[in-house]
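Enquirer: Just a sequence and a predicted model for now, questions to come.
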Amino acid sequence: MRTVQADSRRRELKDVINFLKWVSKHGEALASATQGHVDRWIAKDPISRRLIHPFLAWARRNHYCTRLAVPAIPRSQLNVAGADETDRLRLLTMILETISLDPRTRLAAALVLLYGIRTNRIVQLQIKDFSMVGGIVFISLGSQPLALPAAVGDIASLALATRGATRMFGSVEDHKWLIPGTRSGYPLAPASLALRLKSLGILPSHARAGALASLSGQLPPVILARLTGLEISAAIRWSNAVSASNARYAGLITSPHNPNPEDAPITGSIETLT
């Protein structure tokens, strides 16, 4: 069975070949290609075509090209609380629509953008932390299960079914960790996950701050802590620091499945994105 890692490498190689063909079609070789060529090629698919980044870095180090680089994904202005609503919605839409990405990375990105979950908590998630009730996928981050919105739940199901893990002598299947690492018995390192997210234009700290700012303006601290695993003291500090006017992310948090947050898990709704 093909692993996700092998598929990812094939996609990367395919993109590199397509890029070189595109450059040649425009009358240039890699050595004479300019940053303008890279920018134009990337612009047609800013997410998946970023896979040529490792190739360009290698070519640059070995003097096969000039200082070419994959441009950063444009981001809207950040407010003092972190990534604003528009920025997070745009990034979330990209993640939901880019099905070529590893579903585990897509799920991690959604958890950061929607709920402000730290990368070091995400990598500690295990298969047993997920459940499905009535067709809804739940994740256990705190003391109360959190219901995921339908599209994110679909990604979670794909992530749970993707068990491939790269090891030194080949690929194996890991049935414990959501995102297994390269060492047997260990999850992916938080820094490695952060690099994956940054390559997609997501700065975890900014996204986390923006998400928690929105959540803190809508949920009592005790509910926020119960659903996300945030310490109650931290939840209280966020609640005190954030004005309710900065909490306009209700479309991604409120769901008809959870009419009363005091006695039912809260889910995100992405109906505005579909």
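Expert: That came through, no problem.

Enquirer: how much space between residue 150 and residue 90?
Expert: Distance of residue 150 to residue 90, given as C-beta to C-beta, to the nearest Å: 20 Å. From N, CA and C alone the C-beta is placed, and that goes for glycine too.

Enquirer: Then residue 62?
Expert: 35 Å.

Enquirer: Ok, residue 50 next?
Expert: 15 Å.

Enquirer: same question, residue 69
Expert: From residue 69 to residue 90 the distance is 22 Å (C-beta to C-beta).

Enquirer: more crowded one of the two?
Expert: residue 90 (17 against 12; other C-beta atoms under 10 Å).

Enquirer: element containing that one, please.
Expert: helix 85-97 (DSSP states H and E).

Enquirer: go on, residue 185?
Expert: Residue 185 belongs to no helix or strand, assigned by DSSP H and E.

Enquirer: What's the separation between it and residue 140?
Expert: Taken as C-beta to C-beta, the span from residue 185 to residue 140 is 21 Å.

Enquirer: Check residue 226 too.
Expert: Counting by C-beta to C-beta - residue 226 and residue 140 are separated by 11 Å.

Enquirer: Leaving out chain neighbours, which residue sits closest to residue 194?
Expert: Excluding the flanking residues, the one nearest residue 194 by C-beta to C-beta, 6 or more residues apart in numbering is residue 119, at 4.9 Å.

Enquirer: swap that for residue 103, sorry
Expert: Sequence neighbours aside, residue 158 is the residue nearest to residue 103 in space, at 3.8 Å (criterion: C-beta to C-beta, 6+ apart).

Enquirer: can you tell me the helix or strand for the one you found?
Expert: helix 150-161.

Enquirer: Which one of residue 185 and residue 140 is surrounded by more residues?
Expert: Neighbours were counted for residue 185 and for residue 140 using other C-beta under 10 Å; residue 140 has more, 17 against 9.

Enquirer: Pop out the phi and psi values for the more buried one.
Expert: phi -100, psi 100 (degrees, to the nearest 10).

Enquirer: Please point out which parts of stretch 181-192 sit buried.
Expert: 181, 187, 188, 189, 190 (16 or more other C-beta atoms under 10 Å).
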